[in-house]
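Visitor: Let me see the structure of the following:
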Amino acid sequence: MDTAEKVDRLLREYGQTYADESGITLRDKPAPLYQLLVLTVLCSIRIKADIATAAGRELFGAGLRTPRAMADSRWQDRVDALGRAHYVRYDESTATALGDGAELVLDRWHGDLRKLREEAGGDQGKLRELLQEVPRIGPVGADIFCREVQAVWPDLRPYFDERSRRAATSLGLPHTPRGLAELVPPEDLARLAAALVRAGLSRTTAEDLEGPSAAD
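Guide: Predicted coordinates:
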């Protein structure tokens, strides 16, 4: 199996972004960008990704799709939405973090994360620092947001964090952002980054990719 075939299979079997899994139609608009930030907060603790994305779907299904809606919501309603997704142990503290984060986004960036991007001025390091001002988001969370948002913020491309690059190495793929960017069209970079992370979490090996697929 050559590299192109390996990448094609990787995208086919693991290439769903976390935003897509949580029901976010990601665009460079205030509401979907905020929803991605919420998902980032949910993913920023030690919890299974499918539970975090399910929690996102519950929150968005409850109408909490904008920072204003989140800030105006009752704390207990946020806790209940998280509970329906079995987002346990961290539901109360996360409900608080989401409320505080929504207030920050409203006060600092007027509800529009494109203003955060403007404040970063094209500096990737500065963007990550600003993201970490949001309650609960640390370096890992900043990486999650950047990996996903590169789908609609081209100036971030190619964004492959240490986790995705480590997975690429284990699969026999290039281990630098530039090398990985040469494997897919620009619009598929976020999918490739997500696929590498998912493959790494499932401990997929190069030999696994060369064997029968799940659909076979």
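Visitor: Only the C-alpha atoms, please, for stretch 49-63, written as PDB.
Guide: C-alpha atoms of stretch 49-63 as PDB (Å, rounded to 0.1, in the frame of the first residue of the first chain):
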ATOM      1  CA  ALA A  49     -14.200  12.200  22.800                       C
ATOM      2  CA  ASP A  50     -17.500  10.600  22.000                       C
ATOM      3  CA  ILE A  51     -18.900  11.800  25.400                       C
ATOM      4  CA  ALA A  52     -17.600  15.300  24.800                       C
ATOM      5  CA  THR A  53     -19.200  15.500  21.300                       C
ATOM      6  CA  ALA A  54     -22.400  14.100  22.700                       C
ATOM      7  CA  ALA A  55     -22.400  16.800  25.300                       C
ATOM      8  CA  GLY A  56     -21.900  19.400  22.600                       C
ATOM      9  CA  ARG A  57     -25.000  18.000  20.700                       C
ATOM     10  CA  GLU A  58     -27.000  18.200  23.900                       C
ATOM     11  CA  LEU A  59     -26.000  21.800  24.600                       C
ATOM     12  CA  PHE A  60     -26.600  22.900  21.000                       C
ATOM     13  CA  GLY A  61     -29.900  21.000  20.900                       C
ATOM     14  CA  ALA A  62     -31.000  23.000  24.000                       C
ATOM     15  CA  GLY A  63     -30.400  26.200  22.100                       C
END
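Visitor: For it, the averaged confidence score.
Guide: Computed over stretch 49-63, the mean pLDDT rounds to 97.
Visitor: Can you report how many residues lie near residue 167?
Guide: Per other CB atoms under 10 Å, the neighbour tally for residue 167 reads 25. For glycine as for every other residue, the C-beta is placed from the backbone atoms N, C-alpha and C.
Visitor: So it is in contact with residue 199, correct?
Guide: Yes - at 5.5 Å, residue 167 and residue 199 qualify as touching, with contact defined as CB atoms under 8 Å.
Visitor: Stretch 147-156: end-to-end distance?
Guide: Stretch 147-156 has an end-to-end distance of 9 Å (CA to CA, to the nearest Å).
Visitor: Run through who's touching that stretch.
Guide: 17-19, 26-28, 33, 36, 39-40, 117, 122, 124, 127, 146, 157-161, 164, 186-187, 189-191, 193-194, 197 (CB atoms under 8 Å, 6 or more residues apart in numbering).
Visitor: next one: stretch 23-34
Guide: By CB under 8 Å, 6+ apart, stretch 23-34 touches 17, 19-20, 35-36, 39, 56-57, 60-61, 65-67, 70, 105, 111-114, 148-149, 151-153.
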